[in-house]
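J.: what shape does this take:
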Amino acid sequence: MWGDSLLIVFISICTALLGEGLTWILVYRTEKYQKLKVEVERQSKKLERRKEAHGDSLDKQHKKKIEREEERLKNNNRDLSLVKMKSMFAIGFAFTALLSMFNSIFDGRVVAKLPFYPISWIQGLSHRNLPGDDYTDCSFIFLYILCTMSIRQNTQKLLGFAPSRAASKQGGALFAAPPGQFK
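T.: Okay, here's the model as predicted:
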């Protein structure tokens, strides 16, 4: 069981590095991505400075300027996401094939023992294709997903591909709350 767990962590590290390598080749080194990233960084910092300088005491003119800048920033973030999305489809297709291959190798094998009982709607994933009713037994897919999620994010930060804090703070994410919603 320990050998399988370590092998799955190793597979996760390799697929994260492979994914980031492919993303670098297809996205990060392109001129369009570089320009958009610099523009998003610049606009995020400019918008943050403007908001800090004026605080909550904004007149109509300053509010409109800030709203226009937020709109430009949102558009550039959308363009940046579109540039990334094209390669993500290719990478997603390749990793689906890899995942099905590894899934067939580890099918029906307990690869780890969970120190907790998973909540009911996760049990289908954590106990996938495993015999018995011991829900602390962990399947390949569950451990692989957990490892890949944590390793890929840390790999992006380590390699410098993660979005900057200024850009993240401005809410360019897909599910981010609209600016000023929680004031």
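
J.: center of the protein - which residue?
T.: Nearest to the geometric centre of the chain sits Q153, at 6.3 Å (C-alpha atoms, centre = their mean).

J.: pLDDT weak spots in this structure?
T.: 55-58, 163-183 (pLDDT under 70).

J.: now the helices for it?
T.: Applying DSSP state H to the chain gives helices spanning 2-23, 31-54, 60-105, 120-126, 140-159, 165-169.

J.: rewinding a little: for L125, see how far away the residue nearest to the centre of the chain is.
T.: Distance, Q153 to L125, using C-beta to C-beta, to the nearest Å: 20 Å. Any C-beta I mention is one placed from the backbone N, CA and C, and that applies to glycine too.

J.: what do you get for A112?
T.: A112 sits 13 Å away from L125, going by C-beta to C-beta.

J.: neighbour count: these two, which is higher?
T.: The neighbour comparison of A112 against L125 (other C-beta atoms under 10 Å) goes to A112, with 20 against 13.

J.: let me see the contact set for the more buried one.
T.: Contacts for A112 (C-beta atoms under 8 Å, 6 or more residues apart in numbering) come out as 1, 4-5, 138, 143.

J.: out of those residues, who's nearest H54?
T.: Using C-beta to C-beta, L143 is the member of the contacts of A112 that lies nearest H54, at 49.5 Å.

J.: my guess is the closest one contacts L6, does it?
T.: No. Using C-beta atoms under 8 Å, L143 is not in contact with L6; the gap is 10.6 Å.

J.: so which of these two has more stuff around it?
T.: L143 (21 against 11).

J.: number of nearby residues for V110?
T.: Neighbour count of V110, defined by other C-beta under 10 Å: 19.

J.: can you report phi and psi for it?
T.: Phi and psi for V110, reported as degrees, to the nearest 10, are phi -80, psi 120.

J.: from here on, call the first residue 18.
T.: With the count now opening at 18, the last piece we talked about shows up as V127.

J.: what sits against the closest residue to it other than its chain neighbours?
T.: Nearest residue to V127, sequence neighbours excluded (C-beta to C-beta, 6 or more residues apart in numbering): D154, at 4.5 Å. Residues near D154 by C-beta under 8 Å, 6+ apart: 127, 130-131, 144, 147.

J.: residue furthest from the geometric center of the protein?
T.: The C-alpha centroid of the chain is most remote from D76, which lies 37.5 Å away (C-alpha atoms, centre = their mean).

J.: which parts of stretch 21-31 are buried?
T.: 21-22, 25-26, 28-29 (16 or more other C-beta atoms under 10 Å).
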